[in-house]
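*Asks:* quick one: sequence and predicted model below, then my questions.
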Amino acid sequence: MNLKDCKKIYFAGIGGISMSGLAEILLNDNHIIEGSDNVESDMTRRLEEFGIKVHIGQRAQNVPSDADLFVYTAALKNDNPEILAAKKLGINIIDRAELLGSMMKNYKYPISVAGTHGKTTTTSMITEILLQNNDNPAVTVGGVLPSIGGNFRIGDNRYFVVESCEYCDSFLKFNPFCGVILNIEYDHADYFKSLEQLYKSFNNFATLIPADGFLVINDDILDVEKVLKNVDCEVIKYSQTNKNGFYPENIEFDDMGYGSYTAFFNGEKICDVCLSVPGEHNISNSLGALALCYKLGIKVESITKGLENFKGTNRRFEYKGSFNDIKVIDDYAHHPTEIKSTLKAAKAVNANKIWCVFQPHTFSRTKFLLKEFSEAFDDADNIIILDIYPAREKDDGTIHSENLVELIEKRGKNVLYMENFEKTRDFLYSHCNPQDLLITMGAGDVYLVGEMMLSTLSTELPTK
């Protein structure tokens with residue numbers, strides 16, 4: 001499909017964070033955009049300010065008969081009235097991932113950032129490096145990056161930096177010239193039925209890169225050669241455990257947990273790196289970003305300054321504020337490995353006790369990784385587990401947050417189950433002390449607990 005032949009494009013679910021960004025990029029590229037969403041939001045109002053017609057509520061009559069392309073978000077089912085209307089009208093129908101893959105063809109260097117963890121951070125690091133190099137990249141990222149004022153950026157047709165998610169094999173619809181694979185661990189149990197299936201998916205992703213492109217991959221991935229089977233492009237490795245390709249030496253952390261190191265490539269010093277985000281995991285993320293940009297020919301000075309400039313995205317170890325001298329951090333971690341990395345980074349922060357409020361995300365993930373979750377909170381002093389955030393799933397009654405609490409208790413940890421945000425807020429206010437650190441953690445709406453602490457408690461409850 002050639003997008004240049006699609007003058008008018010209809011977006012079903014246009015108010016979503018990714019769909020809205022793609023709509024704006026295509027509007028800037030002189031396409032006529034129209035769409036719908038179930039509810040009015042700041043995003044739909046923003047789109048309307050740009051002249052995009054947005055229908056609130058999804059109905060068959062919304063779909064224009066002269067549309068050349070119908071794009072739908074993966075959240076919609078096949079019986080959606082707008083999808084059925086588009087089929088009846090004979091309009092070409094694709095999902096968001098296929099649209100993004102088609103858009104990548106319009107750029108000289110489309111860049112895919114993949115992996116179970118760290119995609120948003122590494123996509124953002126690469127963006128900061130390109131901006132520091134005075135390039136004008138187009139970007140789509142799964143979080144809000146302050147330096148670009150949101151989750152996407154309209155650039156020129158040279159670089160397109162794309163966060164590339166493996167869920168439902170979405171990234172197999174992309175067309176990268178080069179890419180990064182950061183790590184591979186079992187996740188998305190509602191789609192991937194085995195680790196072997198997940199590895200096969202990443203292998204298929206790696207084979208998408210053309211022979212004249214290149215793949216940067218973390219050599220610390222278990223059975224990494226499975227991912228590289230039948231890959232035609234150049235492969236560039238990085239590692240924190242061996243000296244095969246890019247690697248760090250002289251790693252140090254300051255009292256905020258921010259890392260610094262000297263980067264080497266095949267025994268030759270490349271540069272000294274100072275990060276403005278905490279944790280050992282971000283050493284690895286930055287190495288992936290550095291390796292890709294170095295291979296692209298980006299100036300070393302731009303790489304080091306870009307990495308130093310990156311201060312995180314929203315919901316990635318984001319400092320939200322403080323009350324009663326208690327720091328409040330929010331993090332998107334929703335996989336056991338991410339939880340461990342985040343809490344390890346928190347240990348480097350000057351604090352008395354670490355309080356972690358965790359909201360499990362999806363029933364299938366919680367069930368399949370229950371043991372791994374129970375072992376992920378050892379660096380927290382006190383843990384509160386909230387109800388499972390269902391996202392796209394329905395509760396079948398086979399897993400509950402109390403199952404996780406029981407296993408954490410067996411490890412000798414202080415852990416409680418709380419059934420709502422209000423009780424959690426009141427308990428935290430009564431038990432947190434000055435110099436403590438509070439981390440809200442999860443991919444759902446758990447961040448609201450911290451915001452309630454900062455807004456409601458600081459103004460309405462008496463000082464302890």
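*Replies:* That came through fine. Residues are numbered from 1 along each chain as shown.
*Asks:* the residue nearest to residue 156 when sequence neighbours are not counted: how many residues sit nearby?
*Replies:* Leaving aside its chain neighbours, residue 156 sits nearest to residue 136 (4.5 Å; criterion: Cβ to Cβ, 6 or more residues apart in numbering). The C-beta positions use only the backbone N, C-alpha and C, and glycine is treated the same way. Using other Cβ atoms under 10 Å, residue 136 has 14 neighbouring residues.
*Asks:* check residue 162 too.
*Replies:* Neighbours of residue 162 using other Cβ under 10 Å come to 26.
*Asks:* what's the pLDDT at residue 165?
*Replies:* With respect to pLDDT, residue 165 has a value of 88.
*Asks:* mind listing what the spatially closest residue to it that is not a sequence neighbour touches?
*Replies:* Closest residue to residue 165 apart from its sequence neighbours, by Cβ to Cβ, 6+ apart: residue 171 at 6.2 Å. By Cβ atoms under 8 Å, 6 or more residues apart in numbering, residue 171 lies in contact with 97, 112, 114, 164-165, 205.
*Asks:* same thing but at 6 Å, please
*Replies:* Counting by Cβ atoms under 6 Å, 6 or more residues apart in numbering, residue 171 touches 114, 164, 205.
*Asks:* let's see which of those end up in strands.
*Replies:* In this view, the contacts of residue 171 that belong to strands under DSSP state E are residue 114.
*Asks:* neighbour-wise, give me the winner out of the contacts of residue 171.
*Replies:* residue 164 leads these on contacts (other Cβ under 10 Å) with 30 neighbours.
*Asks:* pop the domain breakdown of the protein in here.
*Replies:* With automatic domain parsing as the criterion, the domains of the chain are listed as 3-96, 107-309, 318-460.
*Asks:* would you map the strands across the stretch 301-450 of the chain?
*Replies:* Here the stretch 301-450 of the chain has its strands, by DSSP state E, counting those that start in this stretch, at 318-323, 326-331, 354-358, 382-385, 414-417, 437-441.
*Asks:* so where's the protein uncertain?
*Replies:* 314, 456-464 (pLDDT under 70).
*Asks:* top strand in it by residue count?
*Replies:* strand 268-278.
*Asks:* immediately after that one, which helix or strand?
*Replies:* Remark: after strand 268-278, the chain's next helix or strand is helix 280-295, criterion DSSP states H and E.
*Asks:* buried sites along that next one?
*Replies:* 281-295 (16 or more other Cβ atoms under 10 Å).
*Asks:* ditto for stretch 244-253
*Replies:* Buried-residue list, stretch 244-253, by 16+ other Cβ under 10 Å: 245-248, 253.
*Asks:* ok, and what's touching it?
*Replies:* 219, 236-239, 259-265, 283, 287, 291, 348.
*Asks:* what remains of those residues if I keep only buried residues?
*Replies:* By 16+ other Cβ under 10 Å, the contacts of stretch 244-253 give 219, 236-239, 259-261, 263-265, 283, 287, 291, 348 as buried.
*Asks:* farthest pair in those residues?
*Replies:* Spatial extent of the buried ones among the contacts of stretch 244-253 (Cβ to Cβ) is set by the pair 236 and 348 at 29.7 Å.
*Asks:* which residue ranges of the stretch 51-200 of the chain form strands?
*Replies:* Under DSSP E, counting those that start in this stretch, the stretch 51-200 of the chain gives strands at 53-56, 69-72, 92-95, 109-114, 138-145, 150-153, 159-163, 178-181.
*Asks:* what about residue 436, how many residues nearby?
*Replies:* 20.
*Asks:* hmm, I typed the wrong one, I wanted residue 56.
*Replies:* Neighbour tally, residue 56, other Cβ under 10 Å: 13.
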